[in-house]
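*Asks:* what follows is a predicted structure for the sequence shown.
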Amino acid sequence: MWRLLLLAAAAGGVRVGAPGALLVATRSPRSALRLDWRRLLSPAPAGAVWIEPRDSVLHASAVVFTKVFESREAGGAAAELFYPPYDLSRFSWGSVNGTLNRTALTAEFRGGPAGEPGGGFANGSLAFRVTAYEADGRDGALPRLLHTANSSKVEFVLAGVAPRGNGSRFVLEVATVEEAGAARRLRSARSIDDEYTPTIFETLSLAAEAPGAVLSFLQWKATAYGSRSPRREDGIRCRAHELHAANCSLPPSAIVRGYFGDRPAGACSVSALNISFGGEDGDVYQEKRYLSWSALLGFGQPPADSFSPLVVAIVAVALGTPAALLLLGGLAVLLARRRRYSEYEPIN
Amino acid sequence: MCFLGFGSYFCYDNPAALQTQVQADMKVNTAQFMALYAWYSWPNVVLCFFGGFLIDRVFGIRLGTVIFSIFVCVGQVIFAVGALINAFWLMEAGRFVFGIGGESLAVAQNTYAVSWFKGKELNLVFGLQLSMARIGSTVNMNIMGWVYSRVQHLLGHTGHSALGLTLMIGGTTCLFSLACALILAYLDKRAEKLLCKEQGKTGEVIKLTDVKDFSLSLWLIFVICVCYYAAVFPFIGLGKVFFIEKFKFSSQEASAINSIVYIISAPLSPVFGLLVDKVGKNIIWVLCAVVTTLASHIMLAFTFWNPWVAMCLLGVAYSLLACALWPMVAFVVPEHQLGTAYGFMQSIQNLGLAIIAIAAGMILDTRGYLFLEVFFSACVCLSLIAVVMLYFVNHLTGGDLNWSAKKREKMQKVTATEAEEQERLRRQNEDDLAKLLPKADDFSLRNRYLSKLGAQVLPDNYSSYLSTMAHRSMLK
């Protein structure tokens, strides 16, 4: 079965709404993606994206990054003070031609609020860095996500954006769209293994599940990093809040509306999730003005970490050697005793 | 005397209690954080040999204790000042100075105890001193976090100045210890005058050339000591954040569980000491302790089970090992080498702690907690290998490390009666020999000379011959 993945952005000053990803799985290796660009860029993009042949589609879902909130603790009884959010559907994005790297299979979509040169984005930008994978493997840089050929990495990067208060927290709103028959669930897996992401024991995944199978997922480790070449001490706390079902219309992304727009109302379910970065020790961003959060988008069961061979080897040797020594020593003592007794000759 | 060590033990674990704050305020990674512990251990690699010498020959117990207490205070103050002015190198220097005073102060404390209580309730005093030390560590773990939050509230912001102020407040316990040292010196001087008591001495004789005479059993004991303590103290140093990150404990709960090892060892040490004294079989107890510690580390590494269980086991094992391992040195080493052996053991223990502390920090930064726990488990396994080897070496060479207490007493009685018997025979032989050989002292020489001359040597009533002679003259 061929699987197609599409990431949306805009070129120049034309807005195509919030950045998002459309995941479509088909049963035929010869299916193709078709785009009607004129309709896509028009105010009514429904039906602008489709797969040919239409009946080869197994399932489709979408993940859209809609807003970025900024909040800080108000102190006292009030929970939090929210600043006006950055609406990603009103951002304008730079050209992707300069950032497209065909050998490393990466591309970066960088943007800022359209028509607002001042404010927090005066010296900063918001970017989504995308990496496609051809084979199974593990990233070199933290958080060292394990990936398969059926997945791609999306990195949300805030660079140089000035926080509007002391100790601000940033919250990214993620909206998901499923067809009827699939349900989106937020799963948190705690594992004892933090070898690849030191001190992070939790992996979260937002999985589109049908009865009996996981169709597609967005998976991430519960951490973000505050540096371009991250180390453990650059960790920024990342927390996922509850997944809410949204009863409103499709998220403001042209591609999502283009694909799902021509369905009858109720044929798709929309959910939304807030992912917050920073917290009590929100100083990391304050100081370094860099935030990078990586997530894996893919089809099928999300990949799971396992122990590295080094750990297994060390445990085997460490536990095996005393046991072997005990056995050998016991044998040696028995032999020594036997030899001593065998020197005696029976009397009769 | 008990409070003498309180300040030193309280401030030793200050970094562990404030790990998150130190790392956040001074912007250091875990390897640099653990350097604070390493710098405490470095001077003690060398000082263990000289502590006894300094107290006996150079300073005397009173002055020595005061000097070491001053080092502890000054070290803690430098540590706090380093935090206040945001210079991490100064904090490390402070820990170095603190280390110079800390371990030697423990030697001085023990010397005071022996000097005042020898032949009386010495074991009880040692137990009380150890308990006070452990109470100091426990109090530190549990309140320093709270002190920091109050200081932060007072100053209105976090940062290195809050950390510095908190450490200064912690340093007041060192001033308290210094006061105790001064009072003790005064009391000891008074006792010397009133009771005509000599100044206490450690009585240690350190001869480094004795090291080549150490037996294989002793080297195995050294390996057990180094590998075991290297898997316990650095773990406690990093434990608080481990419990916060992996088990999602709150800061207070994490501090409490980190201090449980010390809380448990305070009452259990005297109990285990009594047990090991009564039952003997030291190697078996060491084996039990090491296996329990291994189980505890494996539980913490590979499961999410409630860590209270694992930490309580660790506390029990730690107390048991201390009571069973250190006396073994006295069984394998002749008395005149005992000082050297203990000094060497402490020296390499500190060396191991210093190196492993930094290694643990580096492992945590690059590989995470699972790998760190696997590393500690491997250290404990190394210790276990040494215990197993020690058991077999001891068994095959007919050594006496694993005798039960009854057997040891019997053997001691047998050797004592044998020694008496030998002594008696020897004296008898000497007497017999002396009777046969002519005596060479002045009196007998004069007698022999005079009797050769025929002069009267003995008084009349001693010589029957002379009285006979007197009779004869009367007959003429």
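*Replies:* Noted; the coordinates are in hand. Numbers count the residues shown, from 1 in each chain, chains lettered A, B, ... in the order given.

*Asks:* tell me if I'm right that A:Gly165 and A:Glu73 touch.
*Replies:* No: counting by CB atoms under 8 Å, A:Glu73 is not a contact partner of A:Gly165; they are 9.2 Å apart. Quick note: C-beta positions are derived from backbone N, CA and C, even for glycine.

*Asks:* between those two, which is the more surrounded one?
*Replies:* Using other CB atoms under 10 Å in any protein chain shown as the criterion, A:Gly165 and A:Glu73 rank with A:Glu73 on top: 17 against 14.

*Asks:* could I get the pLDDT score of the residue in the stretch 101-250 of chain B positioned nearest to chain A?
*Replies:* Nearest residue of the stretch 101-250 of chain B to chain A: B:Glu245, at 4.9 Å (CB to the nearest CB). The model reports B:Glu245 with a pLDDT of 89.

*Asks:* and it, what element?
*Replies:* helix B:233-247 (DSSP states H and E).

*Asks:* give me the neighbour count for the residue nearest to the residue of the stretch 101-250 of chain B closest to chain A when sequence neighbours are not counted.
*Replies:* Using CB to CB, 6 or more residues apart in numbering or on different chains and skipping residues adjacent in sequence, the residue nearest B:Glu245 is A:Thr199, 4.9 Å away. Around A:Thr199 there are 20 other residues, counting by other CB under 10 Å.

*Asks:* look at A:Thr199 and give its secondary structure.
*Replies:* The local conformation at A:Thr199, judged by DSSP: H, G, I helix; E, B strand; the rest coil, is coil.

*Asks:* residue contacts, it?
*Replies:* A:232, A:235, B:241, B:245, B:364, B:368-369 (CB atoms under 8 Å, 6 or more residues apart in numbering or on different chains).

*Asks:* my read: the residue of the stretch 101-250 of chain B closest to chain A touches B:Tyr369, true?
*Replies:* Yes: using CB under 8 Å, B:Glu245 makes contact with B:Tyr369 at a distance of 7.1 Å.

*Asks:* the two - which one has more neighbours?
*Replies:* Between B:Glu245 and B:Tyr369, counted using other CB under 10 Å, the more crowded position is B:Tyr369 (24 against 20).

*Asks:* relative to B:Thr397, how far out is that one?
*Replies:* Distance, B:Tyr369 to B:Thr397, using CB to CB, to the nearest Å: 42 Å.

*Asks:* and of the contacts of A:Thr199, the nearest to B:Ser255?
*Replies:* When those are compared for distance to B:Ser255 (CB to CB), B:Val241 wins out at 10.7 Å.

*Asks:* nearest residue to that closest one other than its sequence neighbours?
*Replies:* Per CB to CB, 6+ apart, closest to B:Val241 is B:Gln19, 5.2 Å.

*Asks:* swap in B:Gly200?
*Replies:* That would be B:Ser115: by CB to CB, 6+ apart, it lies 2.6 Å from B:Gly200.

*Asks:* kindly report the same for A:Gly261.
*Replies:* Nearest residue to A:Gly261, sequence neighbours excluded (CB to CB, 6+ apart): A:Ala46, at 2.8 Å.

*Asks:* just say helix, strand or coil for the one you found.
*Replies:* In three-state terms, and counting by three-state DSSP, A:Ala46 is coil.

*Asks:* what number of residues lie near it?
*Replies:* 17.

*Asks:* that one against A:Gly258, yeah?
*Replies:* Yes: look at A:Ala46 against A:Gly258 with CB under 8 Å: they come within range, at 6.7 Å.

*Asks:* of all of chain A, which residue lies closest to chain B?
*Replies:* For chain A, CB to the nearest CB, closest residue to chain B: A:Pro198, 3.4 Å.

*Asks:* dump the residue contacts of that residue.
*Replies:* A:Pro198 sits next to A:232, B:364-369 when contact means CB under 8 Å, 6+ apart.

*Asks:* just for the chain, where's the confidence low?
*Replies:* Picking chain A for this. A:1-15, A:74-78, A:116-118, A:248, A:280-282, A:341-346, A:348 (pLDDT under 70).

*Asks:* think we crossed wires, I meant chain B
*Replies:* Judged by pLDDT under 70, the stretches of chain B that qualify are B:119-121, B:198, B:438-440, B:454-476.

*Asks:* so where's the longest helix in it?
*Replies:* Using DSSP state H to define each element, chain B has its longest helix at helix B:160-195.

*Asks:* distance from the chain centre to that one, please.
*Replies:* 21 Å (CA atoms, centre = their mean, to the nearest Å).

*Asks:* what are the buried residues along it?
*Replies:* Residues B:160-171, B:173-174, B:176-178, B:180-181, B:184-185, B:188 are the ones in helix B:160-195 that count as buried (16 or more other CB atoms under 10 Å in any protein chain shown).

*Asks:* residue numbers of the stretch 201-348 of chain A in contact with chain B?
*Replies:* A:201, A:231-233, A:281, A:283, A:311, A:314-315, A:317-319, A:321-322, A:325-326, A:329, A:332-333, A:336 (CB under 8 Å from any CB of the partner chain).

*Asks:* tell me which other helices or strands the host helix or strand of B:Val316 touches.
*Replies:* Using DSSP H and E, B:Val316 falls within helix B:307-332. Where contact means 3 or more CB pairs under 8 Å, 6 or more residues apart in numbering or on different chains; DSSP states H and E, helix B:307-332 is packed against helix B:216-230, helix B:251-258, helix B:260-279, helix B:282-302, helix B:338-367.

*Asks:* which ones are touching the residue nearest to B:Val241?
*Replies:* Counting by CB under 8 Å, 6+ apart, B:Gln19 makes contact with B:33, B:237-238, B:240-241.

*Asks:* tabulate these (a markdown table), appending neighbour count.
*Replies:* Formatted as a markdown table, the contacts of B:Gln19 follow (neighbours: other CB atoms under 10 Å in any protein chain shown):
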| residue | neighbour count |
| --- | --- |
| B:Phe33 | 26 |
| B:Gly237 | 25 |
| B:Leu238 | 24 |
| B:Lys240 | 25 |
| B:Val241 | 21 |
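
*Asks:* quick one, phi psi at the residue of the stretch 301-450 of chain B found nearest chain A?
*Replies:* Distances between the stretch 301-450 of chain B and chain A by CB to the nearest CB are smallest at B:Gly368, namely 3.4 Å. Dihedral pair for B:Gly368: phi 90, psi 180, per degrees, to the nearest 10.
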